[in-house]
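*Asks:* sequence first, then the predicted structure, then my questions.
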Amino acid sequence: MSFDEIIDRHGTHSSKWDMMEPLFGVPRDGGLAMWVADMDFRPPACVGKAVQDMVDHGIYGYFGDESKYRAAIQWWMETRHGWQVDPDGIFTTHGLVNGTAMCIDAFTAPGDGIVLFTPVYHAFARVIHAAGRRVVECELALDNGRYGLDFDRWEKQLDGSETMLLLCSPHNPGGRVWTRQELEQVADFARRHDLILVSDEIHHDLVFPGHRHTPMALIDGIADRLVMMTATTKTFNIAGSHSGNVIISDPTLRARFAARMAALGLSANSFGLFMATAAYSPEGAAWVDDLITYLDGNRQLFDAGIKAIPGLSSMPLESTYLSWVDFSGTGMDRAEFSDRVAKRARIATNAGPSFGKGGESFLRFNIATPRSRVEEAVARLTEAFGDLQ
Ligand SMILES: Cc1ncc(COP(=O)(O)O)c(C=O)c1O
């Protein structure tokens, strides 16, 4: 397949394309949807075939025997990430927002503080608030245009009422791949403050050349308080299957999580299981390698275009296809730069403040789309901010 192919997603119940006009006023005709984190590419053929096989068989009954599915997860984590997973520690949730909510439910109590390194994926704060817990925003340091960890500042912020840290690794937005040393520091921080550490690694497969993701599970001395979260959905663009994995090695945490899953009557949907089993395969791996090469080209093109516009700068992406663009250099207020992007450039993006403290002057652009659209976006932004030349 070619990632260059433009596939019309209008009228397919695509959140990204069909909700762009009602939510942002960006016109259906001619607007560019660069917000929701899914890609405008078909997944590898092996995933489509798994669904086609279901359709061909034509009976959609209850799923039994997860051994192949669990073996596929084990194979992927071992071959792609050097991480050995115990199949008995794998839970399948209704995606990772649900996985996050389940962790909050299983491991914290109403009123507890939950630490986020902000700006960070907006659904974290949403589920924390909805569950009656408190968001403790620890703002990332901006160091030479990149995010860094700021433990000296955060030490003073915590007051002992916090029970969990939700880490996004690699980081969305900003695209940092935390180094092993940084992850060790995060683990120390979690231990020092007696926090359960939930590591959301949904973006772990989409890492650009020159960077290496380290699963938190490979960091020493953290297993007794660690919950790992992974999924096929970002990697293979199958977010609609709403399937994710919460992986726990500690027996006590595992038992607590299993008890909540049972109490809520949760079990996986068969589409997600068939698709994930097909995706975590050599064919899926080869497709991901090609995808990264393509996204790398998009990222270079987009960054070069943004750099050429006075006042705009994009954070260097080490991972993810979500470019984090800072408009502070334009001297415009939020309303003005957001308006120019939505109305003049006709591009739907994610608003920075939705990611928490530190996001005020940013918009997030999804560049996982055919290259011609990235070129078009750059041309429109150049025009929309042309008076700054
Ligand atoms: C860090 C992170 N976690 C979770 C999700 C969404 O997970 P799901 O679709 O499995 O609920 C996203 C989507 O962008 C994300 O960026």
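*Replies:* Nice, thanks for sending it over. Predicted, not measured: the structure shown is a model, and the values here were computed from it. Numbering: from 1, shown residues only.
*Asks:* from now on I want contacts and neighbour counts done on CA atoms only, so please keep to that.
*Replies:* Fine.
*Asks:* just after the strand or helix carrying residue 104, pick out the following helix or strand.
*Replies:* Residue 104 belongs to helix 96-107 when assigned by DSSP states H and E. Remark: after helix 96-107, the chain's next helix or strand is strand 113-118, criterion DSSP H and E.
*Asks:* export the helix or strand following that next one to PDB, keeping only CA atoms.
*Replies:* The C-terminal neighbour of strand 113-118 among helices and strands, as given by DSSP H and E, is helix 122-130. Provided in PDB are the C-alpha atoms of helix 122-130 (Å, rounded to 0.1, in the frame of the first residue of the first chain):
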ATOM      1  CA  HIS A 122      -6.000  15.500  27.900                       C
ATOM      2  CA  ALA A 123      -8.100  12.400  28.800                       C
ATOM      3  CA  PHE A 124      -5.900  11.700  31.900                       C
ATOM      4  CA  ALA A 125      -7.200  14.800  33.600                       C
ATOM      5  CA  ARG A 126     -10.700  14.200  32.300                       C
ATOM      6  CA  VAL A 127     -11.000  10.700  33.900                       C
ATOM      7  CA  ILE A 128      -9.300  11.800  37.100                       C
ATOM      8  CA  HIS A 129     -11.900  14.600  37.600                       C
ATOM      9  CA  ALA A 130     -14.800  12.400  36.600                       C
END
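*Asks:* tell me which residues in helix 122-130 are buried?
*Replies:* By neighbour count on 16 or more other CA atoms under 10 Å, the buried set for helix 122-130 is 122, 123, 124, 125, 127, 128.
*Asks:* isn't the fourth one up against residue 135?
*Replies:* By that I understand residue 125. Yes. Contact status for residue 125 versus residue 135: in contact at 6.3 Å, counting by CA atoms under 8 Å.
*Asks:* rewinding a little: can you add distance to residue 310 and give the buried residues of helix 122-130 back as JSON lines?
*Replies:* Listed next are the buried residues of helix 122-130 as JSON lines, based on distance: CA to CA, whole Å:
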{"residue": "122", "distance to residue 310": "28"}
{"residue": "123", "distance to residue 310": "32"}
{"residue": "124", "distance to residue 310": "33"}
{"residue": "125", "distance to residue 310": "33"}
{"residue": "127", "distance to residue 310": "37"}
{"residue": "128", "distance to residue 310": "38"}
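*Asks:* residues touching the residue in the chain positioned nearest to the ligand, list them.
*Replies:* Proximity of the chain to the ligand (CA to the nearest ligand atom) peaks at residue 95, 3.3 Å away. Applying CA atoms under 8 Å, 6 or more residues apart in numbering, we find residue 95 in contact with 231, 239, 242, 243, 244, 245.
*Asks:* re earlier: which of the buried residues of helix 122-130 sit farthest apart?
*Replies:* Greatest spatial distance in the buried residues of helix 122-130: 122 and 128, 10.4 Å, computed using CA to CA.
*Asks:* okay, now the domains of this structure?
*Replies:* 15-44+284-388, 60-281 (automatic domain parsing).
*Asks:* in CSV, list those along with mean pLDDT.
*Replies:* Putting those into CSV (pLDDT from 0 to 100) gives the following:
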stretch, mean pLDDT
domain 15-44+284-388, 97
domain 60-281, 97
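*Asks:* turn these into a markdown table, including distance to residue 6.
*Replies:* Below are those laid out as a markdown table (distance: least, CA to CA, whole Å):
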| stretch | distance to residue 6 |
| --- | --- |
| domain 15-44+284-388 | 6 |
| domain 60-281 | 15 |
